[in-house]
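Enquirer: Following is a predicted model, sequence given first.
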Amino acid sequence: MKPYRTVVFACFILCVAGILWIESTPAPRPPLSPTASVFLVNYDSQSVIDRFKCDASMGKLGPSVGSGPNYRSETAWYFAMRSDREPLLMAALRGDALRQLKLYGARIVAEKGDVQHGFDLDYAVGKSVGSLHISPIFPFKMIHRRIAPPAGIADVQAMVRVRETWFPDEQSAILADGRTVIR
């Protein structure tokens, strides 16, 4: 009878582990409305920021999303990080944005920029065309600390802005993505 209990217990543990894994895997949220793309609703770079911040203190503003055929989402993070890692953070934000665009079926129409000046990614997804702008990392002096951060640590702001326009039919979006860049 003991082997039976062991097998039942092992099956129970596997079921619980499977349920926990399924619950911890984020599913894409559905669009806010029929005119918002799944990319716009689900885009988030928090995991990239978390890899670069030095401590738990951090502020975040956004995202703010519009309605109707025109959407805008702006997210700004304020945190401390090693100043020598700023170029790596910019490259990681760009790579994460490209990965998420691809994940949600977007086609990159144009791409430009560098770590010094920021990145612009223009994309088309379904009936929408959009633009994603990653602003350059810059020092943020508005954080008031009792003790100055150690040498090599800087308080910074990172910002990502997404703008997207929806068209009533996919043909209009296809025509627009060749002519229109949304900034």
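Expert: Received it, and whenever you're ready, just let me know what you need.

Enquirer: ranges for the strands of the chain?
Expert: 53-61, 70-82, 107-114, 118-125, 128-134, 138-139, 153-166 (DSSP state E).

Enquirer: Kindly present the ones you listed as TSV, with separate columns for mean neighbour count, distance to residue 147 and mean pLDDT.
Expert: All C-beta spots, glycine's among them, are computed from the backbone N, C-alpha and C. Shown next, in TSV, are the strands of the chain (neighbours: other C-beta atoms under 10 Å; distance: least, C-beta to C-beta, whole Å; pLDDT from 0 to 100):
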stretch	mean neighbour count	distance to residue 147	mean pLDDT
strand 53-61	13	12	75
strand 70-82	19	12	88
strand 107-114	13	34	94
strand 118-125	21	31	94
strand 128-134	24	31	93
strand 138-139	12	17	88
strand 153-166	21	11	90
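
Enquirer: show me the contacts for residue 89.
Expert: 48-49, 52, 81, 137, 158 (C-beta atoms under 8 Å, 6 or more residues apart in numbering).

Enquirer: what about 10 Å?
Expert: Neighbouring residues of residue 89 by C-beta atoms under 10 Å, 6 or more residues apart in numbering: 45, 48-49, 51-53, 81-82, 115, 134, 137, 156, 158.
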